[in-house]
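[1] predicted model and sequence follow; I will ask about them next.
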Amino acid sequence: MAWTDNEGLVRDYEAKLGQADLMFGIDVLYFMDFQSVFVYLVSAAAMLKLGGRFYATFADGTSQSGWDRMVRDLGRHSAFDMGPCTRFHWMDKALLEFVLPKLGFGNLSLERGPDGGLDIARLYVSAELLDPAPGRALLGALAPAGDSTNRRSN
């Protein structure tokens with residue numbers, strides 16, 4: 001596999017489209033910004049078979065435990081922090097409820113985990129791929145598009 005860049009991912013996808021029954025993203029998507037998570041969601045939609053299942057956990061930024069963690073971490077994550085990044089990238093149900101159906105997912109279940117006393121409140125997500133076309137249609141968008149300043153190279 002040549003997964004050192006998105007172009008390598010796209011090449012590998014062609015042979016594997018619609019082959020997976022199940023995809024997981026458990027306790028890993030916390031540490032990814034949403035644009036990176038979006039690449040993962042597009043990949044899941046493209047790789048899953050019709051009726052395939054996607055399960056994931058996200059950092060629930062709209063829970064009391066999420067709030068408590070954000071407050072606790074204020075001093076740990078400043079512009080002057082020279083340590084490795086351990087910050088959570090918070091998510092909310094509304095964004096996922098908007099994006100997942102646009103990628104062909106349905107039968108969504110987005111449930112908050114137990115609140116209080118946890119290091120981080122989890123948002124548990126379960127979805128079924130009902131239409132593989134939207135995710136596969138976006139695979140071309142994964143190809144490198146230049147720098148990250150919103151300028152496309154011609």
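    Yes, it's here. Residues are numbered from 1 along each chain as shown.
[2] assign residue 62 to helix, strand or coil.
    Secondary structure for residue 62, judged by DSSP: H, G, I helix; E, B strand; the rest coil, is coil.
[3] residue contacts, it?
    92-93 (CB atoms under 8 Å, 6 or more residues apart in numbering). In this view, the C-beta of every residue, glycine as well, is placed from N, C-alpha and C.
[4] for the chain, name the helix or strand with the lowest mean pLDDT.
    When each helix and strand of the chain is scored by mean pLDDT, DSSP states H and E, helix 6-16 comes last, with a mean of 65.
[5] and the next helix or strand past that one?
    Tracing the chain past helix 6-16, the next element assigned as helix or strand by DSSP states H and E is strand 20-25.
[6] and that following strand, what does it pack onto?
    helix 34-47, strand 48-60 (3 or more CB pairs under 8 Å, 6 or more residues apart in numbering; DSSP states H and E).
[7] can you pull the buried residues of stretch 106-122?
    Residues of stretch 106-122 classed as buried under the neighbour-count rule (16 or more other CB atoms under 10 Å) are 110, 120-122.
[8] got it, and stretch 96-109?
    Residues 96, 100, 103-105 are the ones in stretch 96-109 that count as buried (16+ other CB under 10 Å).
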